[in-house]
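Novice: Kindly return the folded structure for what I paste below:
(one chain, ligands or ions: 1)
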Amino acid sequence: MTLRLNDRYLKAFITDADYAAMADKIAVAHQTFTEKNGEGSDFLGWTELPDHYDAEEIARVVKAAEKIKKSCDVFVAIGIGGSYLGARAALEFCTSPRYNNLKKDTPDIYFAGNDISASNLSELLEICEGRDVCINVISKSGTTTEPAIAFRVFRELLEAKYGKDGAAERIFVTTDKCRGKLKELSDLNGYETFVVPDDVGGRFSVLTPVGLLPIAVAGIDIYEMLEGAKAAKEAYTVCDLHANDCYRYAAIRNILLEKGKSVEILATYESALGMTAEWWKQLFGESEGKDNKGIYPSSVTFTTDLHSLGQFVQEGSRIMFETVLDLVNSSHTLKIPYDPANSDGLNFVADKDLHYVNRTAFIATAMAHVDGGVPNIVLELEKRGAYEFGYLVYFFELACAISSYTLGVNPFNQPGVEAYKKNMFALLGKPGEENEKLRVALTKKM
Ligand code: PA5
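Specialist: Sure, this is the predicted structure:
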């Protein structure tokens, strides 16, 4: 078992009749998906990645990762949204949020261009001082402002340090195969480039070079990751809510939404899964949140957040349900020591493994939250590893597509993301008549 949906904490909330009614809607979504005739169906390329990936391109990714590992101490992955979250999620899932502090023979890895914070970028530049640096700029459109700014800063740094030709050996670009500023710049300067396939959208692109190059630099086996995704693809083909956990998850989400549960909390009990939750939030948030529809995706890391948001989940407004990513096996064993004097009164947990205590906390919390009116979907994840990450990615991507079609939205576009950009460009004085008109209008409102 790599991943299993356990519905034991849903019994009080969902009846067999609810499942039967939703099964019909899921069947329609399944048909739309498999016949590729739904909205956005020209962005279904992610379904081919696990078993029909471009072998030459992936081999080039592995080769570039080896070169990067040999030639730098610090590797900076520059990108935002779907061009950032997947790689970071994989890194922390497969290794640790403390990856940079662990003993390893791979470079430190930092992420830039995922915000516009002067402090973040300045601090990273300081971290790079006196160290050898390689960068990977990742942008499908090649025009996104946040990574473009970070890239300009790092390009200047690398060219000053290594010269133009030396810098070109350390700059790796992942972008569209022929369009965009980034592609033009790469061709002009001779940067090695990797392709984001046309038919794969940003948030579905972690299993392309977008995610795979940074993941490979961390020494994670990307072939194993693709194998995991392939296993998930093979596991979730039948349209039967009893046999297909992925479709069952999509169905449960929509049943709960119909019952007024419009917020989903992805709960994990491991900080190593925190960035996976961030990736998941983008996947579902950008895919479903449109046309005034959707479930708001949020996340918590328990037990930490039981001491901040636990009160709200237990007794606040009853609009949410939880999906618990329950890690069955920890990568570490840590026995709590026995104290003969029992001076802290903790001997009731003495000699117990810490992971056992953590999972007991999960069971206790789930039962309390269910009593408080919060349905809990449990996704039991066998362990953390490259294979499991690939499996989980495909599980959630497929669930997201089926859930979105069930909801009646196009999972593969993100028209709302443009609104802030238009205003920002206008206010920053980007040339153009439209920008100027908008700038004047916005300035009056400020
Ligand atoms: O999922 C998406 O499409 C977005 O989140 C994009 O990945 C994000 O906006 C970055 O875009 P780009 O890769 O073009 O820089």
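Novice: use CA for all of it now, contacts and neighbours both
Specialist: Will do.
Novice: where in the protein is pLDDT low?
Specialist: Along the chain, no part satisfies pLDDT under 70.
Novice: which strand is the longest one in it?
Specialist: In the chain, taking DSSP state E as the definition, the longest strand is strand 320-327.
Novice: phi, psi of I109?
Specialist: Torsion angles at I109 (phi, psi; degrees, to the nearest 10) stand at phi -120, psi 130.
Novice: Could I get the phi/psi values of the nearest residue to it once chain neighbours are set aside?
Specialist: Nearest non-adjacent residue to I109, counting by Cα to Cα, 6 or more residues apart in numbering: F75, 4.8 Å away. Main-chain torsions, F75, degrees, to the nearest 10: phi -120, psi 130.
Novice: Then L157?
Specialist: When read as degrees, to the nearest 10, the backbone of L157 gives phi -60, psi -50.
Novice: Would you mind listing what in the stretch 51-200 of the chain touches the ligand?
Specialist: Within reach of the ligand by Cα under 6 Å from any ligand atom, the stretch 51-200 of the chain has these residues: 80-83, 139-142, 144.
Novice: In CSV, list those along with neighbour count.
Specialist: As requested, those are exported to CSV (neighbours: other Cα atoms under 10 Å):
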residue, neighbour count
I80, 21
G81, 18
G82, 22
S83, 30
S139, 30
K140, 28
S141, 15
G142, 22
T144, 17
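Novice: Now do the helices in the stretch 301-446 of the chain.
Specialist: In the stretch 301-446 of the chain, the segments counted as helices under DSSP state H, counting those that start in this stretch are 310-315, 354-371, 386-407, 418-427, 433-445.
Novice: The fourth one - contacts with which helices or strands?
Specialist: To tie it back to what came earlier, the one meant is helix 418-427. The contact analysis (3 or more Cα pairs under 8 Å, 6 or more residues apart in numbering; DSSP states H and E) places helix 418-427 against helix 433-445.
Novice: Relative to the whole chain's centre, how far out is the helix it packs on?
Specialist: For helix 433-445, the distance from its own C-alpha centre to the chain's C-alpha centre is 35 Å (Cα atoms, centre = their mean, to the nearest Å).
Novice: Summarise which helices and strands it is packed against.
Specialist: helix 418-427.
Novice: List the buried residues of the helix it packs on.
Specialist: By 16 or more other Cα atoms under 10 Å, the buried positions in helix 418-427 come out as 424-427.
Novice: Also stretch 26-45?
Specialist: Those would be 26-27, 29-33, 38-39, 41, 43-45, for stretch 26-45 by 16+ other Cα under 10 Å.
Novice: Mark which of the residues you listed are part of helices, please.
Specialist: Among those, DSSP state H puts 26-27, 29-33 in helices.
Novice: Find the nearest non-adjacent residue to the residue nearest to the spatial centre of the chain, please.
Specialist: Nearest residue to the geometric centre of the chain (Cα atoms, centre = their mean): W279, 1.9 Å. Using Cα to Cα, 6+ apart and skipping residues adjacent in sequence, the residue nearest W279 is L85, 5.1 Å away.
Novice: Contact partners for that neighbour?
Specialist: Going by Cα atoms under 8 Å, 6 or more residues apart in numbering, L85 touches 275-276, 278-279.
Novice: try L283
Specialist: Applying Cα under 8 Å, 6+ apart, we find L283 in contact with 203-204, 397, 400.
Novice: what about the closest residue to the ligand within the stretch 301-446 of the chain, how many residues close to it?
Specialist: Residue of the stretch 301-446 of the chain nearest the ligand, by Cα to the nearest ligand atom: Q414 (6.8 Å). When neighbours are counted by other Cα atoms under 10 Å, Q414 registers 15.
Novice: my guess is it meets E288, correct?
Specialist: No - using Cα atoms under 8 Å, Q414 is not in contact with E288, being 9.2 Å away.
Novice: Can you tell me how far the residue nearest to W279 is from A77?
Specialist: 11 Å (Cα to Cα, to the nearest Å).
Novice: Let me see the residues that make contact with the helix or strand hosting K164.
Specialist: Under the criterion of DSSP states H and E, K164 resides in helix 145-168. Residues from elsewhere that reach helix 145-168 (Cα under 8 Å, 6+ apart): 78-80, 112-116, 121, 133, 135, 137-139, 142, 170, 189-191.
Novice: Which members of these are classed as buried?
Specialist: Buried by 16+ other Cα under 10 Å: 78-80, 112-115, 121, 133, 135, 137-139, 142, 170, 191, out of these.
Novice: Widest-spaced pair of these?
Specialist: Maximum pairwise distance in those, criterion Cα to Cα, is 24.1 Å, between D115 and Y191.
Novice: from the buried residues of stretch 26-45, which is closest to A59?
Specialist: Using Cα to Cα, these come closest to A59 at G45, 19.2 Å.
Novice: Relative to the ligand, how far out is that closest one?
Specialist: In this view, G45 and the ligand are 13 Å apart by Cα to the nearest ligand atom, to the nearest Å.
Novice: correct me, but that residue touches D199?
Specialist: Yes - when contacts are counted by Cα under 8 Å, G45 is listed as touching D199 (4.8 Å).
Novice: residue with max distance from the center of the protein?
Specialist: Relative to the centre of the chain, the most outlying C-alpha is that of A341, 46.4 Å out, by Cα atoms, centre = their mean.
Novice: who in the stretch 201-350 of the chain is up against the ligand?
Specialist: Residues of the stretch 201-350 of the chain lying close to the ligand by Cα under 6 Å from any ligand atom are 201-203.
Novice: got CSV for those residues, with secondary structure and neighbour count too?
Specialist: Shown next, in CSV, are these (DSSP: H, G, I helix; E, B strand; the rest coil; neighbours: other Cα atoms under 10 Å):
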residue, secondary structure, neighbour count
G201, coil, 23
G202, helix, 24
R203, helix, 22
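Novice: Next, the angle helix 386-407 makes with the strand or helix carrying L212.
Specialist: Counting by DSSP H and E, the element that carries L212 is helix 209-217. Put simply, helix 209-217 runs at 160 degrees to helix 386-407, going by axes from the mean of the first three to the mean of the last three Cα atoms, to 10 degrees.
Novice: what helices or strands is helix 209-217 leaning on?
Specialist: Against helix 209-217 (3+ Cα pairs under 8 Å, 6+ apart) you get helix 55-71, helix 85-94, helix 222-235.
Novice: try it again with 10 Å
Specialist: Using 3 or more Cα pairs under 10 Å, 6 or more residues apart in numbering; DSSP states H and E as the contact test, the elements touching helix 209-217 are helix 55-71, strand 74-78, helix 85-94, strand 108-112, strand 133-138, strand 171-175, strand 192-195, helix 222-235.
Novice: So for V300, which of those sits nearest?
Specialist: V300 lies closest, by Cα to Cα, to one member of these: helix 85-94, at 14.9 Å.
Novice: Distance from that closest one to the middle of the chain?
Specialist: Remark: helix 85-94 is offset 7 Å from the chain centroid, using Cα atoms, centre = their mean.
Novice: quick check: angle from it to helix 209-217?
Specialist: Orientation check (the same axes, to 10 degrees): helix 85-94 against helix 209-217 gives 30 degrees.
Novice: No further queries at this time; thank you.
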